[in-house]
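>>> 3D, please:
(3 chains, ligands or ions: 8)
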Amino acid sequence: MHPAFSVIFLTTLIGAGQGLFLALYTGQLYSAFNVLPIQDSHTFYGIGSLIAFLFLCAGLFASFFHLGHPERAWRSAAMWRTSWLSREVIVLPAFIATTMIYGIVHYFDLNPVLFTLGGAFPVDLSLLIGAVNTALAFLLFICTGMIYACIKFLQEWASPLTVINFILLGTASGFTLAALFSAVANSGLVGFYAGWAIIITTLAFVSRAASLLRNRQIKYKSSLATAIGIRHSSIQQKSRGFMAGSFNTREYFHGASQWFMKSIKWVFLVLVFAIPLALLSIGLNQVSLTLLVLAFVAQYTGLIAERWFFFAQANHPQNLYYQTI
Amino acid sequence: MKQLALVIDLNVCVGCHACVTSCKEWNTSGSAGFMSDYNPYEKDPTGTFFNRVQTFEVGEFPNTQTVHFPKSCLHCEDPPCVPVCPTGASYKRPEDGIVLVDYDKCIGCKYCSWACPYGARELDESQKVMKKCTLCVDRIYDEALPESERKPACVLACPTSARLFGDVNDPESSVSVNIRENGGYQLMPEWGTKPANHYLPRRQTSITIHKDELTRVDNPLKKERQLPMPGKDEQTLDDITSW
Amino acid sequence: MSKPLHDPLSRSIDESSRIEVKNTTCYMCACRCGIRVTIRDGDVRYIEGNPEHPLNKGVICAKGASGIMKQYSPARLTQPLMRKAGSDRGAGAFEVVSWEKAFGILEERLANIRHTDPKQFALFTGRDQMQALTGLFAKQFGTPNYAAHGGFCSVNMAAGMIYTIGGSFWEFGGPDLQRSKLFVMIGTAEDHHSNPMKIELSKFKRNGGKFIAINPVRSGYAAIADEWVPIKPGTDGALLMALINEIIKQGLYDRDFLVKYSNSAELVNMDEASSEHGMFVRHEVPKEEGCFDPQNKLWWDRELNKPVIMHSEDSDPYLLGEFKLDDNTPVKTAFQLLVDRVKDYTPEWAAKITGIPADTIKRLAYEMGITARDEKIELPIAWTDTWGKEHDRITGNPVAFHAMRGLAAHSNGFQTIRSLSILMSILGTIDRPGGFRHKAPFPRPIPPCAKTPTGPEAVQPDTPLDGMPLGWPADPDDLFVDDNGEPVRIDKAFSWEYPLAVHGLMHNVITNAWRGDPYKIDTLLIFMANMAWNSSMNTEQVRHMLNDKDDNGEYKIPFIAVCDAFESEMVSFADLILPDTTYLERHDVMSMLDRPISEFDGPVDSVRIPVVPPTGECKPFQDVLIELGSRLKLPAFVNTDGNRKFRDYPDFVVNYETAPGSGIGFLAGWRGKGGEKFMKGEPNPKQWEMYEKNNCVFHYELPRSYQYMRNWNQGYLEWAKRHSLTRYAEPINIHIYSEVLQKFRLAAQGKSDGKQPPEHLRSRIDEHFDPLPFFSEPLETLSTDLRKYPLNAITQRPMAMYHSWDSQNAWLRQIHTHNYLHVNPKTARAANIEDGGWIWVESMHGKVRCMCRYSEAVEPGTVWTWNAIGKASGTWGLSQNANESNKGFLLNHLISEELPARSDGAKFSNSDPITGQAGWYDVRVRIYPVAAGEPEETYPQFTATAPMPNAKRKPSHWLKYFAGGRKS
Ligand SMILES: Nc1nc2c(c(=O)[nH]1)N[C@H]1C(S)=C(S)[C@@H](COP(=O)(O)OP(=O)(O)OC[C@H]3O[C@@H](n4cnc5c(=O)[nH]c(N)nc54)[C@H](O)[C@@H]3O)O[C@H]1N2
Ligand SMILES: Nc1nc2c(c(=O)[nH]1)N[C@H]1C(S)=C(S)[C@@H](COP(=O)(O)OP(=O)(O)OC[C@H]3O[C@@H](n4cnc5c(=O)[nH]c(N)nc54)[C@H](O)[C@@H]3O)O[C@H]1N2
Ligand code: SF4
Ligand code: SF4
Ligand code: SF4
Ligand code: SF4
Ligand code: SF4
Ligand SMILES: [Mo]
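Ligands and ions are numbered 1, 2, ... in the order given. Model (predicted):
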């Protein structure tokens, strides 16, 4: 496929936003269980949510560049029964809105305790909203992942690993961002977030590596023989029917060299996993803003490369029909 | 249920591209129009077409087959392009199985095209909506046309009548008969899309000659056989012997 | 599912739009299908095949369906233009002039020429189909220098077959695929019978017929062949001779047919000393001399064992044998001579030359012979032959052939095509069901009666030419030469160099005029031919010649006028450009006097009627000629008082008669005062309306008994005579043995009294004018170092492009934006060439740089490309960096219009020595990869032509065609 930057930014930005929210909420939960010190609602959760919100909005904004008719985007909620894209289109704004509410509740301290669980565990409004939003975050990850994973003949994508990767990579970048944010906010949770970021990044590495390995083994079900229905070992296209390109050649061919593909793979492996893991590990011991900035920037940049690769690597069976000018 | 479709006979398709341009000319000014062209008179001209004719070579010299292969939307019975569409712009008409795009709903997200394994959809880069073969839905029901012309533009154009049009779910239709009798098949059956369009394979006619057919009783050469008669002044035994 | 917003069945434009549907005739190619054009609010909405048209029966092709993009092409010329003083030809610097001025210039110049030396004016026309009018204009003007594209196209096909069977493929006849069982197509990619061929081919296949394609390349039609027989280019003669040999050897020929309907059993004088050597022995001089074969030759009767007059009652002659006449003259039957000729042409011999295994050749022979013999067709149609014998049935042998330029475009093509005609004849398939069928006005006598003048005195100031500019020589005395045997025509047609150049040699006009050989001319008027590009060989040099000046700074070709509809390469070399209309804007006729669209079952002619008004100041060339003819007071165009006779072309078509009161005019339908007559009759003022009402076609279906065996069908021949298609109703016997050719040979041998060839041409004539076909390699091959240039390079027509016309067509150019050289991977790898890589292709005449495409569908000794996709930068309304000029290439740069000079210095056209047919497909090349660092761009490149001053504004990057305006 030809990677589209609108979609690359959409998925990476909202992934980070989702991850950041999850990080914030995880922090809040830990605090609620008194495992972590309680953070300032106003500066920490309020501003944190705002940052998540901004990432999400930026992602949403990027997505409009993907549309031929953004002014009709509202129509895309119609087919939620069948379309993962439609579902994403519903869940994303819902998640953004809930994130915003979550932030507002915190920021303006509109956070009454609603009830107490088991007599000892007070559940305030933010905790409840956060729980709902957590579900939305995961739902959003699933929608996004399924948009790709549900196309069965895009065999590189048609795997649960796609969804898992979206979850883990988004969450990892969110936690890295959270670590950075807590350093800026001087919250003392840097270690907590960096620790989780390391764990999730490692998991993400495992699942992303698994998908890379899986994709190396793919046996394509379609071949020229099934594409044109002629059984023969030697079939070659001599003309695709037009010479200077069409939608089908622009949308589905990345046009990059083998060498570039390989390089991009290593670049993202280093940027998404190796560098952040190293920097975060250092960050565990000594809080350094620069290191954390570097870690997040590296990881996010890496994710752009990862997403580029994710699209480019997907080999659309339609390409069988567009081999030779 | 009715399922209109094209059946394309690769046994007679000569790759003339008549179906390509007649499709373009009908549809560019029709309900799907226009079908834009970019750089029409410059470097790298490119435009929207609903139908393309490709060429493949099968086998090695001298046992080569050259196969011309027209392809447009196959109007799958289970079209993966439809359920993925977030707006409902992509839909399959229940009444005749034609898969269409509603240009006024389409947001141009291209997702449906990703979901088509056949590369049958093309985004019109000027109108920014997805387009594809409509089976000439604005012709085949047009009562202003005589009955015999209520057929897709490409079908009427095709000089070899390699393009047959009809209801593949009606076992009596000529398309169904052709599919049955001539080994009609679907493209990429592995994805379960059940394309309504079918293709008829190459078939080969050969002549068998039995050795004894070569000679016949009234071989005209026999008629020409002149028994050799030596001329009167040539030598005979008479000139040599006397007993 | 929610309701769609966009109603897919909606009329795409509001109901108030004005919609008209009009019939006319397509001219996106020479096939001339009937089309129906829908116009919406003045714009062309849709062009479809006319279902009621006999030729295409409703279908259309890729080109035809792209007519909209031709009509609205930005490459269209819309005003007369004159080259700016001081600018070079080819640079494209023009200024707009009025028609009045354009006519003024032409009138003055032409009047002057006509008054002094009419042959200083040359009119050559390309892919047009109005030779009836252009030929008339030239004749009336008085110049011999007129021809159309046939000489560089397929004259070998026309001449080779017409001189053998009295008709030919091309527009004049074709395979009867409805009834055939075996169809053999040789060297045809996509010819003039484009849609009808496709219609029939698919029906044929569906009826279970076997289709064999003999072609170095498998594409297009050959793609769907049941068997592909790859052959080395230029060697078909060898294959055909071997097939004839094998078929005769097995006795698979149709003896009865040959005896009755060909000259096979006729006795040939074998007395080498005689001036009649190689001529048929004649019984007595015929009662009437004329343009027909007198039936006065001899057969050797089997019963009587003595010579009898051919077709004597109940006579059964020997087909084979040699005999002595009473006067001791040794004689042989023509067929015996054929058998002697093919004796050594065995399948094994042919295998080595053609690359086709001997077993395959034998099998092909058997398949042909046995199908012809055992699958006989009998139709219950009674007919009477010219000898008065009645038959109760028509029989046929269902083996059909079709061939075109793969045979024609070689310098040995004439004899190859003779051998094909003979193969078809021995199988008994001429004008019989399932075989070859004629189309009116064919069959015609062998050769047809039209003759050119025979000497320079025919060209006189202010006088029409005394004879036709083109004709059919029957013997050396018919040649158009001066007393020294030198050519009268600028292209040297009908001279001893190319005696049977029945279509002229357009490909040599520019070179000859530039060199002044045989003389210089003043004004060259080119109509519808792209002579600065794809219809010239040696294109680079020809472009130089067009722009070359003599020592006085005067152009060697002083004045060039071009009538074209588009910004072609040729147009930029013109001094004066006359903008033509498109086919949708003008009246045209597909006339019986030219090449009509007749069907097997009878004559058909057709017309074009404008469906949209002319663009800008475009004027139909026909109107231009009529205007010029009137201004120059050419007799056919003015009344006796010198006043203009015809208002315009439509008026001319209705009222013109070939001779006063002849009743023969350009159109055969609805003649007579009220349209009650056909073929001939007085002018009918309502003729156009009647054509318009009848789908623009006139189709006369002959009675069934006149539809077959027309060479010998008394009913048909008398019908044809009565309707002035022919002058004589005499039988047209097949010339297995060609006496016409022998007459030229006798002249070359100094054995005849008539015109004699110049000394240096005697051996050339003697060799090539063999009365029986023979195989020899093409002339170019014989003069090439084959170790250096081992590969044959040929071109093919793509079905979706017409020559150079369609790069201006926004839709078609997307299909063929540039071209590759197709090479067998084996050949390519041996030369270290990659698929898609840039390569040099080099012949002994020049080289081009292009891209290579591997193909398993080409014979390894052959490379090929699509014809005329490459363009010169800046032409055809394309931007200067268009793919056509950067990646597309023209093979013509490798082909020379002249053969390397002979050792005695004599120069000959790269053409068939008999007909002057251009030997396009004879060139030999080698290929090698480009060196590192060479630009990835085709070579040669030409300085970009400047845009025309009146160029239509091109749509900016987007073209959004929607007829009648976008819906709101
Ligand atoms: N290498 C190679 N060269 C070949 C051949 C080959 O096989 N190989 N084939 C040869 C043969 S058979 C042929 S016939 C020639 C064809 O060669 P040309 O006769 O040169 O044919 P076209 O390229 O069709 O160009 C004819 C001109 O007609 C113009 N034209 C189109 N429509 C109209 C119209 O309505 N009115 C007027 N006035 N002009 C119009 C076009 O703009 C163009 O300039 O090419 C020959 N050249
Ligand atoms: N679409 C389209 N149709 C056209 C035209 C066009 O430009 N485009 N041009 C029209 C004109 S002007 C003409 S003259 C006709 C020509 O019609 P064709 O005669 O069909 O034209 P070519 O393309 O020259 O085809 C020559 C074929 O002969 C093969 N060939 C070459 N050399 C040999 C040989 O030595 N032996 C054999 N057996 N085969 C050989 C080539 O591979 C090719 O397939 O087409 C007409 N129709
Ligand atoms: S129009 Fe018919 S013959 Fe021509 S390419 Fe299309 S399907 Fe094939
Ligand atoms: S061919 Fe593609 S676009 Fe057409 S119905 Fe099937 S999946 Fe959809
Ligand atoms: S591009 Fe249009 S039709 Fe396709 S999925 Fe998107 S909205 Fe639906
Ligand atoms: S059915 Fe209509 S829209 Fe579809 S390919 Fe044919 S002409 Fe085009
Ligand atoms: S074959 Fe020629 S005349 Fe017929 S539709 Fe095509 S371009 Fe027109
Ligand atoms: Mo031609």
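
>>> All the strands of chain B, residue numbers only.
Ranges of strands within chain B are B:4-9, B:37-38, B:46-47, B:52-58, B:65-71, B:90-92, B:99-101, B:122-124, B:129-131, B:163-167, B:198-200, based on DSSP state E.

>>> Tabulate the ones you listed (CSV), appending mean neighbour count.
(C-beta placed from N, C-alpha, C; glycine too.) Written out in CSV, the entries for these read as follows (neighbours: other Cβ atoms under 10 Å in any protein chain shown):
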stretch, mean neighbour count
strand B:4-9, 26
strand B:37-38, 23
strand B:46-47, 25
strand B:52-58, 24
strand B:65-71, 24
strand B:90-92, 23
strand B:99-101, 25
strand B:122-124, 23
strand B:129-131, 24
strand B:163-167, 22
strand B:198-200, 25
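
>>> what's the nearest residue to C:Val162 if we skip its chain neighbours?
Just so we're on the same page, residue C:162 is Ile rather than Val. C:Ser168 (5.1 Å; Cβ to Cβ, 6 or more residues apart in numbering or on different chains).

>>> again with C:Lys181
Computed as Cβ to Cβ, 6+ apart, the closest residue to C:Lys181 that is not its neighbour in sequence is C:Pro398, at 4.1 Å.

>>> Show the contacting residues for the residue of the stretch 51-200 of chain A found nearest ligand 4.
When distances are taken as Cβ to the nearest ligand atom, the stretch 51-200 of chain A reaches nearest to ligand 4 at A:Phe153, 10.0 Å away. For A:Phe153, the contact set (Cβ atoms under 8 Å, 6 or more residues apart in numbering or on different chains) comprises A:Lys221, A:Ser222, A:His316, A:Pro317, B:Pro80, B:Pro117, B:Met188, B:Trp191.

>>> per-residue confidence at the second one?
If I follow you right, that is A:Ser222. pLDDT for A:Ser222: 97.

>>> SS state for it?
Three-state assignment for A:Ser222 (DSSP: H, G, I helix; E, B strand; the rest coil): coil.

>>> Now do the phi/psi pair for it.
Note on A:Ser222: its backbone torsions stand at phi -100, psi 150 [degrees, to the nearest 10].

>>> so how far is the first residue of stretch B:181-198 from its last?
End-to-end distance of stretch B:181-198 (Cα to Cα, to the nearest Å): 13 Å.

>>> Give me the number of neighbouring residues for residue 3.
Looking at chain A here, since you left the chain open. Other residues lying near A:Pro3 total 20 when counted by other Cβ atoms under 10 Å in any protein chain shown.

>>> meant chain C actually
7.

>>> now do C:Glu100
For C:Glu100, using other Cβ under 10 Å, the count is 9.

>>> For chain B, which residues score under the pLDDT cut-off?
B:226-232, B:243 (pLDDT under 70).

>>> ok, the longest helix anywhere in it near ligand 2 or not?
In chain B, assigned by DSSP state H, the helix with the most residues is helix B:18-28. No. Helix B:18-28 does not reach ligand 2 (Cβ under 6 Å from any ligand atom); its nearest approach is 10.7 Å.

>>> How far off centre is that helix?
15 Å (Cα atoms, centre = their mean, to the nearest Å).

>>> returning to that earlier point: who wins for most neighbours among the contacts of A:Phe153?
Going by other Cβ under 10 Å, B:Pro117 tops the contacts of A:Phe153 with 29 neighbours.

>>> my read: that one touches B:Pro80, true?
Yes. B:Pro117 is in contact with B:Pro80 according to Cβ atoms under 8 Å; the separation is 7.3 Å.

>>> follow-up on the earlier one: now, which of the contacts of A:Phe153 lie within helices?
Short answer: the contacts of A:Phe153 have none in helices (DSSP H).

>>> thinking again about what came up before, in contact with the residue nearest to C:Ile162: list those residues for me.
C:Met157, C:Ala158, C:Ala159, C:Gly160, C:Met161, C:Ile162, C:Phe442.
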